[in-house]
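Asker: Structural data only, the sequence is not supplied:
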């Protein structure tokens, strides 16, 4: 039979306060540290330390029709269930937990279902399934420090507008590999807005730069990255012409390879003067569709854009982008933050865009200034190459060339460094 350490099943207000609760269930029995089930009314649960072990076990489980508040210190469980699980029909849900460890197969760290508004705060979560799951809420706010999850670190489904915040100094990790495994996998209603404020480190468990870090569906999305993000993003699931605004402000901002896809709306990617976007190998930023009405899709670089932060050939493709504003530094081959990697094999493909240079716009290139030739950017062999062909180019861009070949020599064929053929200025 099921074993519950503190079992409160009443009508009206349930108010449970416990210091230390330890429950061990035998065999297949369900063990719950603190359980509060309500046919009507609200529930309040406060606990210092909760441990539930057995084949299945939940640290704190609350079911109510009204408002639910859970405050806990350390919660630890084994077995198929959740560290903290709360559901309600109409009231708000507030969960504030110092730490949660859910170590059983398929166990969720913190789960919340329903509620007018869900607010979850936790400094540390470890789970074998999702770290945090929010289902069917009118609105939600999730703030986490360190999360290590076997599936998604944070997943929200069927909910309204949301705010997800990772705190400074935190490390948030999820699986990030394979179908449906995104570190943050979040949605908001079609008329809502999802805001993600990353102040810590956001990456997959393996830390791959091509792993799946953020996927969003439904309403508009705002990402404010003041921390560190490793991996690709996807916003193809946004409804209609809802769009993404992605702001990078950190010097360790966004490191990625592979394909990141934006929405069918007018997307904005801002790399501020303090920001870094660093790509490696073959990377594509696909801005997908847009409304057809200005400003359409815009990428503004006022900081540092590194094309090829690791050794070897690198290509950054900017596809379906209308406007590329640059007042910062673009380095083709930028190993360890340097402006040159000494290799002539890096490319930036932005054909057909309107490229607007201003301020201190600078492009850094490696080139063999000897007799080697290169007539276009199809393949960077003798020099790094920027392809702006077929578009519009305005303003003044400084070009800094590092000779990585022999001393200069007569070259009657020429060496293509920046291709603006077929465009206008």
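Answerer: Received, thanks. The shown structure was predicted, so the numbers you read here are calculated from the model rather than taken from an experiment.
Asker: for this protein, what helix or strand is lowest in average pLDDT?
Answerer: strand 3-10 (a mean of 66; mean pLDDT, DSSP states H and E).
Asker: Name the residues that touch the next helix or strand after it?
Answerer: Following strand 3-10 in sequence order, the next helix or strand is strand 14-24 (DSSP states H and E). For strand 14-24, the external contacting residues (CB atoms under 8 Å, 6 or more residues apart in numbering) are 3-6, 8, 31-34, 36, 38, 41-54, 57, 64. From N, CA and C alone the C-beta is placed, and that goes for glycine too.
Asker: Each with direction, which strands does strand 14-24 pair with?
Answerer: Paired neighbours of strand 14-24 in the sheet (DSSP bridges): strand 43-53 (parallel).
Asker: Average pLDDT for the strand it pairs with, rounded please.
Answerer: Mean per-residue pLDDT for strand 43-53: 88.
Asker: Please state the offset of that strand from the chain centre?
Answerer: Computed by CA atoms, centre = their mean, to the nearest Å, the separation of strand 43-53 from the middle of its chain amounts to 31 Å.
Asker: Roughly how far does residue 294 sit from residue 323?
Answerer: 9 Å (CB to CB, to the nearest Å).
Asker: re earlier: and the buried ones among the contacts of strand 14-24, selectable in PyMOL?
Answerer: Applying 16 or more other CB atoms under 10 Å to the contacts of strand 14-24, the buried members can be selected in PyMOL as follows:
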select buried, resi 3+4+5+6+8+31+32+33+34+36+38+42+43+44+45+46+47+49+50+51+52+53+54+57+64
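Asker: Contact partners for the residue nearest to residue 319 when sequence neighbours are not counted?
Answerer: The shortest distance from residue 319 to any non-neighbouring residue, by CB to CB, 6 or more residues apart in numbering, is to residue 286 (4.8 Å). Neighbouring residues of residue 286 by CB under 8 Å, 6+ apart: 259-262, 317, 319-320.
Asker: Show me these that map onto helices.
Answerer: Using DSSP state H, no member of the contacts of residue 286 sits in helices.
Asker: what pairs with residue 72 across the strands?
Answerer: residue 47, residue 97.
Asker: re earlier: which of the contacts of residue 286 ranks first by neighbour count?
Answerer: Ranked by neighbour count (other CB atoms under 10 Å), the contacts of residue 286 have residue 262 at the top, with 28 neighbours.
Asker: That one is in contact with residue 296, isn't it?
Answerer: No. The pair residue 262 / residue 296 is not scored as a contact, 11.5 Å apart, by CB atoms under 8 Å.
Asker: picking up where we left off before, out of residue 294 and residue 323, which sits in the busier spot?
Answerer: Taking other CB under 10 Å, residue 294 and residue 323 do not tie; residue 323 has more neighbours (19 against 10).
Asker: Kindly provide the distance from that one to residue 221.
Answerer: 19 Å.
Asker: can you check residue 261 too?
Answerer: 13 Å.
Asker: what is residue 163 paired to in the beta sheet?
Answerer: Here residue 163, judged by DSSP bridges, has bridge partners residue 141, residue 195.
Asker: How many residues are close by it?
Answerer: Neighbours of residue 163 using other CB under 10 Å come to 17.
Asker: Hmm, residue 140 and it touching each other?
Answerer: Yes. The pair residue 163 / residue 140 is scored as a contact, 7.4 Å apart, by CB under 8 Å.
Asker: what is the residue nearest to residue 319 paired to in the beta sheet?
Answerer: residue 261, residue 319.
Asker: and if you look at residue 86?
Answerer: Here residue 86, judged by DSSP bridges, has bridge partners residue 62, residue 112.
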